[in-house]
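Visitor: Make a model of this:
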Amino acid sequence: DAMLLCGQHGIRRVPVVKSPGGDIVNIITQSALVQTLAANLDRFGSVAKQTLAKLGLASPARVFKVTSGDTLRAAFNLIREYDISAVPVVDAETGKICGNISARDVRLVVTSSKVYKLLNMTIRVYLDVVSDGAANSAITCKPEDTMETVITRLVHSRIHRIYVVDGEDHIIRVVSLRNVLRKFVKEPQGFFGTFFN
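Guide: Below is the predicted model of the structure:
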């Protein structure tokens, strides 16, 4: 049920409720479900061994992105305006992916005493400072990678999205935890009644 709610209906967190009484005893997250899939991939070979291309997760899709020369403010505005959890950063000259700005960064910056200075900082400088010069804070995959590879990268990185890139590291699309979960479940007709209609 939790996989259906998170994968098909976009619920990010599902409360586990004690019955009787109605007390919440746990929360199941999309991340926890993907971790469970990772630990049991041998049971899901029919999907796990397929490539993203075969699963329909490699076709071009609209991706909101910023360049490394843009300000953090520009990235945060996109995140807020389109209600997304992150935007990829591409090199202004080559168009290759070079980083990621996420809701975590928003929380980090807005709680800083230097929030206004940071908002006007270029993303290139911000990523150099935050990642301590690491090459890339975004995780990527290719259309020919298997779902198993994608799940493993997501779990090991503890990041909620992976960017599908072409041979030149240009972004094709984003694959989210929800996209992954959706490939492993199919909702039986009328399972939730008319609740989500």
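Visitor: quick one, phi/psi of the residue nearest to the spatial centre of the chain?
Guide: With distances taken as Cα atoms, centre = their mean, residue 161 lies nearest the centre of the chain, 2.1 Å away. Residue 161 has phi and psi values of phi -150, psi 150 when expressed as degrees, to the nearest 10.
Visitor: Compute the distance between it and residue 120, please.
Guide: 26 Å (Cβ to Cβ, to the nearest Å). C-beta: built from backbone N, CA, C; applies to glycine.
Visitor: which residue packs closest to residue 177, ignoring adjacent ones?
Guide: Sequence neighbours aside, residue 30 is the residue nearest to residue 177 in space, at 4.1 Å (criterion: Cβ to Cβ, 6 or more residues apart in numbering).
Visitor: Verify the contact between the one you found and residue 154 for me.
Guide: No - contact status for residue 30 versus residue 154: not in contact, 10.1 Å apart, counting by Cβ atoms under 8 Å.
Visitor: which residues do those two both contact?
Guide: Common neighbours of residue 30 and residue 154, counting by Cβ atoms under 8 Å, 6 or more residues apart in numbering, are 160, 177.
Visitor: still on that earlier bit, what about the residue nearest to residue 177, how many neighbours?
Guide: Using other Cβ atoms under 10 Å, residue 30 is surrounded by 23 other residues.
Visitor: Next up, the contacts around it.
Guide: Here residue 30 is in contact with 6, 12-13, 160, 177-178, 181 (Cβ under 8 Å, 6+ apart).
Visitor: do residue 153 as well
Guide: Residue 153 makes contact with 139, 141, 162, according to Cβ under 8 Å, 6+ apart.
Visitor: related to what we said a few turns ago, quick check, the residue nearest to the centre of the chain in contact with residue 176.
Guide: Yes - under the criterion of Cβ under 8 Å, residue 161 makes contact with residue 176 at 5.0 Å.
Visitor: what secondary structure does the closest residue to residue 69 other than its chain neighbours sit in?
Guide: Excluding its sequence neighbours, the residue lying closest to residue 69 (Cβ to Cβ, 6+ apart) is residue 92, at 4.4 Å. Following DSSP: H, G, I helix; E, B strand; the rest coil, residue 92 is assigned to coil.
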